[in-house]
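1. Here's a sequence, model it:
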Amino acid sequence: MGGCVCETMAGAGAALHPRCFGEVWLFDGAPPEAWESIAGELVRRKFQPGELLFRQGEPAESMYLLKMGSVKLWKVAEDGRELILDLRSAGDLLGESVFIEKGQYPVSATCLGPTLTCGLSRTLFERLVVDHPQVGLAVIRNLSGRIDYLTGKLGALSEPALEDRLYQVLNMVARQVGSRVPGGWDLAFPLTHEEIGFLVGAHRVSITRALRKLKDSGRVRSRGRYLFVADGQEAG
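-> This next block holds a predicted model:
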């Protein structure tokens, strides 16, 4: 079998993320044959830096998997200011809420570099669920877990000290995607200090200082390309 459509569109040497729709958190546990049945109907698109993937207020009809590049999520506030809400990179989902309720995109998404997306429309998703009910059950289960995660994150962000907020968020991320090791978790650490800053609502420079304090207290440690995050009950 030849390479996938995304590989062909991205071109030789492109930094294409290997994750496909069947491997993202929202569809964890869904049967692989479900995705094989619609692989040819997913819509791949390429964008140039500065192009809009979707605009705030447009009808929300599709969810996107970022296969290459990065995207800025932003919205215009009531006073006209542009507020940057999040950054998404290759392997991340965009617009996952379109399958929960019909409506409009609540934010705009602007490509920060050459970008390739793989799109799943609402119509195709609904047909997928009819043909493979286990997909719908997996989505319900994973959305429930996501709500628990976001509830925990909200609690972590209420911590008054930045290093405590940062530790709580790192702990949650490590439990989601890290590897269990004695005394805590090893977290492969591809995030920049700026990206971590978005997670906890702080500036990059403040994140650097907070990480230093966490390392001094033994709650996190650098181990090669991993960041060790100690269990909450065992941290100093």
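2. State the number of residues packed around the residue nearest to P59 when sequence neighbours are not counted.
-> The shortest distance from P59 to any non-neighbouring residue, by CB to CB, 6 or more residues apart in numbering, is to Q104 (6.0 Å). Just so you know, the C-beta spots here come from the backbone N, C-alpha and C atoms, and that holds for glycine as well. A count of neighbours around Q104, defined by other CB atoms under 10 Å, yields 14.
3. Use 445 as the first number for this chain going forward.
-> All right, first residue 445 from here; so that's Q548.
4. Does Q548 touch R499 like I think?
-> No. Using CB atoms under 8 Å, Q548 is not in contact with R499; the gap is 9.4 Å.
5. gap between the residue positioned nearest the centre of the chain and G513?
-> For the chain, the residue nearest the mean C-alpha position is D536 (4.1 Å; CA atoms, centre = their mean). D536 sits at a distance of 10 Å from G513 (criterion: CB to CB, to the nearest Å).
6. Ok, D608 next?
-> D608 is 34 Å from G513, by CB to CB.
7. higher neighbour count, those two?
-> Comparing D608 with G513 by neighbour count (other CB under 10 Å), the higher total belongs to G513, at 25 against 17.
8. Leaving out chain neighbours, which residue sits closest to that one?
-> Leaving aside its sequence neighbours, G513 sits nearest to T559 (CB to CB, 6+ apart; 3.2 Å).
9. could you list every residue that touches the one you found?
-> Applying CB atoms under 8 Å, 6 or more residues apart in numbering to T559 gives the contacts K490, F491, Q492, P493, E495, L497, L510, M512, G513, S514, V515.
10. could you say which helix or strand contains the last one?
-> Going back to what we said before, that points to V515. strand 514-520 (DSSP states H and E).
11. Equivalent analysis for the first one, please.
-> K490 is part of strand 487-491 when elements are defined by DSSP H and E.
12. Which residues does that strand contact?
-> Contact with strand 487-491 is made by 449-450, 453-454, 497, 506, 511, 513, 555, 558-563, 565, as judged by CB under 8 Å, 6+ apart.
13. which residue ranges form the helices in the protein?
-> Using DSSP state H, the helices of the chain run over 449-454, 476-480, 566-575, 577-601, 606-621, 637-644, 648-661.
14. Quick one: work out the angle between the last one and helix 606-621.
-> This means helix 648-661. 80 degrees (axes from the mean of the first three to the mean of the last three CA atoms, to 10 degrees).
15. What is helix 648-661 packed up against?
-> helix 606-621, helix 637-644, strand 664-667 (3 or more CB pairs under 8 Å, 6 or more residues apart in numbering; DSSP states H and E).
16. Output the shortest one as PDB, restricted to C-alpha atoms.
-> Translated: strand 664-667. The C-alpha trace of strand 664-667 is given here as PDB (Å, rounded to 0.1, in the frame of the first residue of the first chain):
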ATOM      1  CA  VAL A 664      10.300  18.100  39.000                       C
ATOM      2  CA  ARG A 665      13.700  17.100  37.700                       C
ATOM      3  CA  SER A 666      15.200  17.100  34.200                       C
ATOM      4  CA  ARG A 667      16.200  13.600  33.100                       C
END
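17. by contact count, what packs against that strand?
-> Right, strand 664-667 is packed against helix 648-661, strand 670-674 by 3+ CB pairs under 8 Å, 6+ apart.
18. what distance separates the longest one from the centre of its chain?
-> Chain-centre distance of helix 648-661: 24 Å, with CA atoms, centre = their mean, to the nearest Å.
19. and if you look at stretch 465-479?
-> That offset, for stretch 465-479, works out to 16 Å (CA atoms, centre = their mean).
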